[in-house]
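Chemist: With the sequence up front, the predicted model follows.
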There are 2 protein chains.
Amino acid sequence: MSRADVVEGIGDDAALLRPPHDQQLAVTSDILVSGVHFFPNVDPESLGHKALAVNLSDLAAMGAEPAWFLLNLTLPKADTHWLEMFCRGMFRLAREFNLQLVGGDTSRGPLTIAIEAHGFVPPAAVMRRTGAKTGDRIYVTGTLGDAALMVKHREGKLQLPPHVLAVSSVRLDRPTPRIREGMALRNIASAAIDISDGLLADLGHVLKRCQAGARIFLDRIPVTTTCRSQLGQAGWDTVLAGGDDYELCFTVPPGKLEALEKLQFTCGFRCIGEIEPEAGIRIMDESGQPYHARITGHDHFPSSEKQVI
Amino acid sequence: MSRADVVEGIGDDAALLRPPHDQQLAVTSDILVSGVHFFPNVDPESLGHKALAVNLSDLAAMGAEPAWFLLNLTLPKADTHWLEMFCRGMFRLAREFNLQLVGGDTSRGPLTIAIEAHGFVPPAAVMRRTGAKTGDRIYVTGTLGDAALMVKHREGKLQLPPHVLAVSSVRLDRPTPRIREGMALRNIASAAIDISDGLLADLGHVLKRCQAGARIFLDRIPVTTTCRSQLGQAGWDTVLAGGDDYELCFTVPPGKLEALEKLQFTCGFRCIGEIEPEAGIRIMDESGQPYHARITGHDHFPSSEKQVI
């Protein structure tokens, strides 16, 4: 992968890049820590894929087109086979979305991956977390819950049958960043976010920024038949609060619904509710009764140790 | 610190930035790992300073003007006092160089810091590792060796007297990135690098890229009087191979020497030798005899486990 806008990639003190004149630069960064974000014995090829995918998912949520990334990797030892597999997963995804690795750093240390991804987005087309208004419809791409089932299975909290494992493991380990969908939603979505911490937590981020609330309907939330078959033991909270599917949650004003309906996403998209003026998320179950989720999303620190940055 | 070119900083899926139309974007990233790059009990204010400084030093070596940075931080627990001190050190340096924090990620995990720094440089003015030619003079800014003394002291390999400790601890813990110097050297230096792994290793990187060699003179290498007072026990290898001073090493063609001599650096600069066609670095001691260094620089992996990326 060699892009014309990379003047100098790896090999000098810094990469030298030529961003396009007419677009803004979208920059995002995520850390994955062994034992916190992934199981230490995870397949390195999947890990390489996922480490890049979670960053591309953030770019997708802005409607950005990916361009460059930097890899910061600390490893307990330089295991050549492990690194080759990790790179295979990472670079396959990079090629798919026309991304070039332009820098980073490697060091001995506990297994930790921090990737920084850069993309471009025309100023008028960018999707932010702000922008959703009362009456806007709330949508999600693809399906939710499969990845969360897999997390619970690996934690020993659920026992999944083989046909469910086959679906869920791919969703958890090799998420597909919704880049094409994010770019297609430019000038249509009023707000967007990627669902990394769970639908309720991430929709909550949007609502907080928009000073609004929402009503969503359980029977509209898209789940696979395999996921639905496990809801008896796993419960709807797994779907509502489980992150890791890396779908997009976005809002669309009534005037843009016609344009939206013309879009064709391989992964599909579905309206799950509507923005309301009153703060909070009201969830309606299949019988029209309020549903109260007991867990709302992922938090890397216990509540007594909140992040202060 | 709020820059006009930051459309969206922290708070959305990605930062939105407006790079200047007429300049290239320089991007660099460094990891600092507890127990590898710093002692676990290091003062957090110094660590915050240093984590940003090492990245700014890379921008300085390209002649770039710093603009934005992202912080990826993993911490065993969210210790509010520790974080406040870390941020104090980091943001004081950021303010000094007009940098804005625009994103990043925090997580629970072993103490690791990965910062990505962005800067701008006019295409015609950028300094690369390539570009040095036979006959170009080799220079370094400031002084070398003080930080390396401190590393040896903390490792228990040297005993430094208090007046040396006072100088050396500041050089190791609060290095000054040579940003102003790097920008002043635009259009003058033919090649540049920052000395993070040691003079011999970093000059070696330049020579390898330029397919050239060098002759340097021990008696021209700038050292402080405190450092010189310790050379009896520490040896010249400490100065030649010790990193962590974060000075610039740069080359200047004969036709640019007049322009160079007009520059006034607070930290000073000194010619230490010359580029030669024959590969390798030939070191001359004070009596004009060849000096053979036993160690050449820093390597994060033992030789049997080299980096493969």
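Modeler: Thanks, I have the structure now. A quick note: this is a predicted structure, and the numbers were derived from the prediction, not measured.
Chemist: Do me a favour and average the pLDDT over stretch A:188-199.
Modeler: Computed over stretch A:188-199, the mean pLDDT rounds to 95.
Chemist: How about that stretch and chain B, touching?
Modeler: Yes - using C-beta under 8 Å from any C-beta of the partner chain, stretch A:188-199 reaches chain B at A:192-194. All C-beta atoms are positioned from the backbone trio N, CA, C, and that covers glycine.
Chemist: repeat for stretch A:133-152
Modeler: No - interface with chain B: stretch A:133-152 contributes nothing (C-beta under 8 Å from any C-beta), its closest point being 14.2 Å away.
Chemist: just stretch A:31-38 next, same as before
Modeler: Yes - Stretch A:31-38 reaches chain B (C-beta under 8 Å from any C-beta) through A:31, A:33-37.
Chemist: Of all the residues in that stretch, which ones are buried?
Modeler: A:31-34, A:37-38 (16 or more other C-beta atoms under 10 Å in any protein chain shown).
Chemist: and which of the residues you listed is nearest to chain B?
Modeler: Comparing these against chain B with C-beta to the nearest C-beta places A:Val33 closest, at 3.6 Å.
Chemist: Let's see the pLDDT reported for the closest residue in space to that closest one that isn't next to it in sequence.
Modeler: Spatially, and ignoring its direct neighbours in sequence, A:Val33 is nearest to B:Gly109 (3.6 Å; C-beta to C-beta, 6 or more residues apart in numbering or on different chains). Looking at B:Gly109, its pLDDT is 92.
Chemist: Got phi/psi on the most centrally placed residue in chain A?
Modeler: Among the residues of chain A, the one closest to the centroid is A:Tyr246, at 3.0 Å (C-alpha atoms, centre = their mean). Torsion angles at A:Tyr246 (phi, psi; degrees, to the nearest 10) stand at phi 60, psi 40.
Chemist: quick one: it and A:Asp58 touch, right?
Modeler: No - applying C-beta atoms under 8 Å as the test, A:Tyr246 and A:Asp58 come out as separate, 9.4 Å apart.
Chemist: any common contacting residues for these two?
Modeler: Here A:Tyr246 and A:Asp58 share the contacting residues A:194, A:196, scored by C-beta atoms under 8 Å, 6 or more residues apart in numbering or on different chains.
Chemist: if you go through the stretch 1-150 of chain A in chain order, where are the helices?
Modeler: Counting by DSSP state H, counting those that start in this stretch, one finds helices in the stretch 1-150 of chain A at the ranges A:44-62, A:80-96, A:146-154.
Chemist: what's in contact with the shortest one?
Modeler: It stands for helix A:146-154. Identification of contacts with helix A:146-154 by C-beta under 8 Å, 6+ apart yields A:39, A:158-160, A:164-165, A:167-169, A:171-173, A:175, A:198, A:223-224, A:226-227, A:230, A:234, A:238-239, A:241-246.
Chemist: Kindly report the same for stretch A:281-292.
Modeler: Residues from elsewhere that reach stretch A:281-292 (C-beta under 8 Å, 6+ apart): A:200, A:203-204, A:207, A:213-219, A:236, A:240, A:276, A:293.
Chemist: returning to what we had before: could you say which one of the helices of the stretch 1-150 of chain A comes nearest to B:His81?
Modeler: Of all these, helix A:44-62 sits nearest to B:His81, with 30.6 Å by C-beta to C-beta.
Chemist: That closest one - contacts with which helices or strands?
Modeler: Helices and strands touching helix A:44-62, as assessed by 3 or more C-beta pairs under 8 Å, 6 or more residues apart in numbering or on different chains; DSSP states H and E, comprise strand A:24-33, strand A:65-75, helix A:80-96, strand A:112-121, helix A:162-173, helix A:179-184, strand A:191-194.
Chemist: Remind me what the longest one packs against, helices and strands.
Modeler: Which is helix A:80-96. Secondary elements touching helix A:80-96 (3+ C-beta pairs under 8 Å, 6+ apart): helix A:44-62, strand A:65-75, strand A:100-108.
Chemist: So which bits of it are buried?
Modeler: Within helix A:80-96, the residues scored as buried using 16+ other C-beta under 10 Å are A:82-83, A:85-87, A:89-91, A:93-94.
Chemist: still on that earlier bit, ok, now which ones touch the residue nearest to the centre of chain A?
Modeler: A:53-54, A:57, A:147, A:175-178, A:194-196.
Chemist: Now the residues you listed in JSON lines, please, with extra columns for neighbour count and distance to A:Arg129.
Modeler: Listed next are the contacts of A:Tyr246 as JSON lines, based on neighbours: other C-beta atoms under 10 Å in any protein chain shown; distance: C-beta to C-beta, whole Å:
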{"residue": "A:Ala53", "neighbour count": "25", "distance to A:Arg129": "20"}
{"residue": "A:Val54", "neighbour count": "25", "distance to A:Arg129": "17"}
{"residue": "A:Ser57", "neighbour count": "28", "distance to A:Arg129": "14"}
{"residue": "A:Ala147", "neighbour count": "25", "distance to A:Arg129": "22"}
{"residue": "A:Pro175", "neighbour count": "24", "distance to A:Arg129": "20"}
{"residue": "A:Thr176", "neighbour count": "23", "distance to A:Arg129": "22"}
{"residue": "A:Pro177", "neighbour count": "27", "distance to A:Arg129": "18"}
{"residue": "A:Arg178", "neighbour count": "28", "distance to A:Arg129": "16"}
{"residue": "A:Asp194", "neighbour count": "29", "distance to A:Arg129": "11"}
{"residue": "A:Ile195", "neighbour count": "27", "distance to A:Arg129": "13"}
{"residue": "A:Ser196", "neighbour count": "21", "distance to A:Arg129": "13"}
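Chemist: Next, format these as TSV and append distance to B:Asn72.
Modeler: Converted to TSV, those look like this (distance: C-beta to C-beta, whole Å):
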residue	distance to B:Asn72
A:Ala53	17
A:Val54	13
A:Ser57	17
A:Ala147	23
A:Pro175	20
A:Thr176	24
A:Pro177	19
A:Arg178	23
A:Asp194	18
A:Ile195	21
A:Ser196	15
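Chemist: of all those residues, which comes closest to chain B?
Modeler: Nearest to chain B, judged by C-beta to the nearest C-beta, of the contacts of A:Tyr246 is A:Asp194 at 6.0 Å.
Chemist: The closest one pairs with what?
Modeler: Per DSSP bridges, the residues bridged to A:Asp194 are A:Leu248.
Chemist: Was I right to think it contacts B:Asp12?
Modeler: No - with contacts counted by C-beta under 8 Å, A:Asp194 stays clear of B:Asp12, the gap being 10.8 Å.
Chemist: what about the nearest residue to A:Ala64 once chain neighbours are set aside, how many neighbours?
Modeler: The shortest distance from A:Ala64 to any non-neighbouring residue, by C-beta to C-beta, 6+ apart, is to A:Gly119 (3.3 Å). Residues near A:Gly119, counting by other C-beta atoms under 10 Å in any protein chain shown, number 29.
Chemist: now do A:Phe269
Modeler: 23.
Chemist: Give me the distance between it and A:Val36.
Modeler: 31 Å (C-beta to C-beta, to the nearest Å).
Chemist: for A:Ser46, same thing?
Modeler: Using C-beta to C-beta, A:Ser46 is found at 16 Å from A:Val36.
Chemist: Could you list the low-pLDDT ranges of the stretch 201-309 of chain A?
Modeler: A:296-309 (pLDDT under 70).
Chemist: quick one: which of the buried residues of helix A:80-96 is nearest to A:Thr130?
Modeler: Nearest to A:Thr130, judged by C-beta to C-beta, of those is A:Leu93 at 29.3 Å.
Chemist: who are the neighbours in contact with the closest one?
Modeler: Per C-beta under 8 Å, 6+ apart, neighbours of A:Leu93: A:48-49, A:52-53, A:56, A:99, A:177.
Chemist: now those in JSON lines, with distance to B:Ala4 and pLDDT?
Modeler: Output for the contacts of A:Leu93, formatted as JSON lines (distance: C-beta to C-beta, whole Å; pLDDT from 0 to 100):
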{"residue": "A:Gly48", "distance to B:Ala4": "38", "pLDDT": "97"}
{"residue": "A:His49", "distance to B:Ala4": "38", "pLDDT": "98"}
{"residue": "A:Leu52", "distance to B:Ala4": "31", "pLDDT": "98"}
{"residue": "A:Ala53", "distance to B:Ala4": "33", "pLDDT": "97"}
{"residue": "A:Leu56", "distance to B:Ala4": "28", "pLDDT": "98"}
{"residue": "A:Leu99", "distance to B:Ala4": "29", "pLDDT": "97"}
{"residue": "A:Pro177", "distance to B:Ala4": "31", "pLDDT": "97"}
